[in-house]
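>>> Got a predicted structure plus its sequence, pasted below:
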Amino acid sequence: MKEIDIIAQLSKLKDTDYRNTLAIATIIELLIEKNIITRQEFARKSYYLDNLTLEEIKQNRVGK
């Protein structure tokens, strides 16, 4: 019975992950369509954030 619960929980997590990803992608596309950001700006910021170290992230949060 415990295995069934774990499988059900994983399925819910997968669904939640999909819905969150869809929501984020939708927001990004709307921002681009409304000329609030460009794809290039988004790509540059994504690259920058992806390459931050954990320490840099902590410092940026404290500094704001």
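Ah, there it is. Residues are numbered from 1 along each chain as shown.
>>> what's downstream of the helix or strand encompassing residue 6, the next helix or strand?
Here residue 6, judged by DSSP states H and E, is contained in helix 2-33. For helix 2-33, the following helix or strand on the C-terminal side (DSSP H and E) is helix 39-50.
>>> and that next one with helix 2-33, angle?
Comparing the axes of helix 39-50 and helix 2-33 via axes from the mean of the first three to the mean of the last three CA atoms, to 10 degrees yields an angle of 140 degrees.
>>> The helix or strand following helix 39-50 to helix 39-50, inter-axis angle?
Downstream of helix 39-50, the next assigned helix or strand under DSSP H and E is helix 54-63. With the same axes, to 10 degrees applied, the angle from helix 54-63 to helix 39-50 works out at 110 degrees.
>>> ok, residues contacting helix 54-63?
Helix 54-63 is contacted by residues residue 52 when judged by CB atoms under 8 Å, 6 or more residues apart in numbering. Every residue, glycine included, has its C-beta placed from N, CA and C.
>>> gap between it and the chain center?
Offset of helix 54-63 from its chain centre (CA atoms, centre = their mean, to the nearest Å): 18 Å.
>>> Please apply the same query to stretch 3-10.
Relative to the chain's own centre, stretch 3-10 is displaced by 24 Å; criterion: CA atoms, centre = their mean.
>>> now swap in stretch 2-15 and tell me
How far stretch 2-15 lies from its chain's middle: 22 Å, per CA atoms, centre = their mean.
>>> Restricting to C-alpha, output that stretch in PDB.
Presented in PDB, the C-alpha positions along stretch 2-15 are these (Å, rounded to 0.1, in the frame of the first residue of the first chain):
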ATOM      1  CA  LYS A   2       2.900   2.300   0.800                       C
ATOM      2  CA  GLU A   3       4.200   1.900  -2.800                       C
ATOM      3  CA  ILE A   4       0.900   3.000  -4.200                       C
ATOM      4  CA  ASP A   5       0.900   6.200  -2.100                       C
ATOM      5  CA  ILE A   6       4.400   7.000  -3.400                       C
ATOM      6  CA  ILE A   7       3.400   6.500  -7.000                       C
ATOM      7  CA  ALA A   8       0.300   8.700  -6.500                       C
ATOM      8  CA  GLN A   9       2.500  11.400  -4.900                       C
ATOM      9  CA  LEU A  10       5.000  11.300  -7.800                       C
ATOM     10  CA  SER A  11       2.100  11.600 -10.200                       C
ATOM     11  CA  LYS A  12       0.800  14.700  -8.400                       C
ATOM     12  CA  LEU A  13       4.200  16.200  -8.400                       C
ATOM     13  CA  LYS A  14       4.600  15.600 -12.100                       C
ATOM     14  CA  ASP A  15       1.300  17.200 -12.800                       C
END
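>>> Good, we can wrap up now.
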